[in-house]
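Enquirer: Got a predicted model here, sequence first, then my questions.
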Amino acid sequence: MTPEGQVKALVKKRLKLEFPSAFVRWPVQNGMGQPMLDCHFTHRGLAFVIETKAPGKKLTDRQKTTVAEIQDARGPVYVVDDEVSLAAALDDIHRIAEKFGL
């Protein structure tokens, strides 16, 4: 498994544990259509996006554009490349859900 694949597996496991009823999708890019980030999920009516990277790797220019478009629409995007960044993302997601009383 690639380093990014290991991060994806970790994210999938933690999302399933912490948000078992969430709607989760991992779009497969095949060069057709518009670019997407790795993971899109909805938890209790709130939408979130996660881009996984191999540890220490950065977003590509195309990914930066996609992140900016999602953020312009006020969507939260998290870049996860290790356990620490995943924990921070999950903490923020829980905080947002609590803010809305969910």
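Expert: Thanks, I have it.

Enquirer: Check the offset of stretch 57-70 from the chain's centre.
Expert: Chain-centre distance of stretch 57-70: 12 Å, with CA atoms, centre = their mean, to the nearest Å.

Enquirer: SS state for Val79?
Expert: Of the three states, Val79 takes strand under DSSP: H, G, I helix; E, B strand; the rest coil.

Enquirer: what pLDDT does the nearest residue in space to it that is not next to it in sequence get?
Expert: Once flanking residues are discounted, Val79 sits nearest to Glu51: 5.0 Å by CB to CB, 6 or more residues apart in numbering. From N, CA and C alone the C-beta is placed, and that goes for glycine too. According to the prediction, Glu51 has pLDDT 98.

Enquirer: in the helix or strand containing Glu51, what counts as buried?
Expert: Glu51 belongs to strand 46-52 when elements are defined using DSSP states H and E. Residues Leu46, Phe48, Val49, Ile50, Glu51, Thr52 are the ones in strand 46-52 that count as buried (16 or more other CB atoms under 10 Å).

Enquirer: go on, stretch 13-22?
Expert: So for stretch 13-22, counting by 16+ other CB under 10 Å, buried means Arg14, Leu15, Phe19.

Enquirer: Next: stretch 85-100.
Expert: Result for stretch 85-100 [16+ other CB under 10 Å]: buried residues Ser85, Leu86, Ala89, Leu90, Ile93, Ala97.

Enquirer: Now do the contacts for the last one.
Expert: What it means is Ala97. His43, Arg44, Leu46 (CB atoms under 8 Å, 6 or more residues apart in numbering).

Enquirer: Look up the closest residue to the spatially most central residue of the chain, ignoring the ones flanking it.
Expert: With distances taken as CA atoms, centre = their mean, Ile50 lies nearest the centre of the chain, 1.1 Å away. Ranked by CB to CB, 6+ apart and with sequence neighbours excluded, the top spatial neighbour of Ile50 is Cys39, at 4.1 Å.

Enquirer: Thanks again, I'm all set now.
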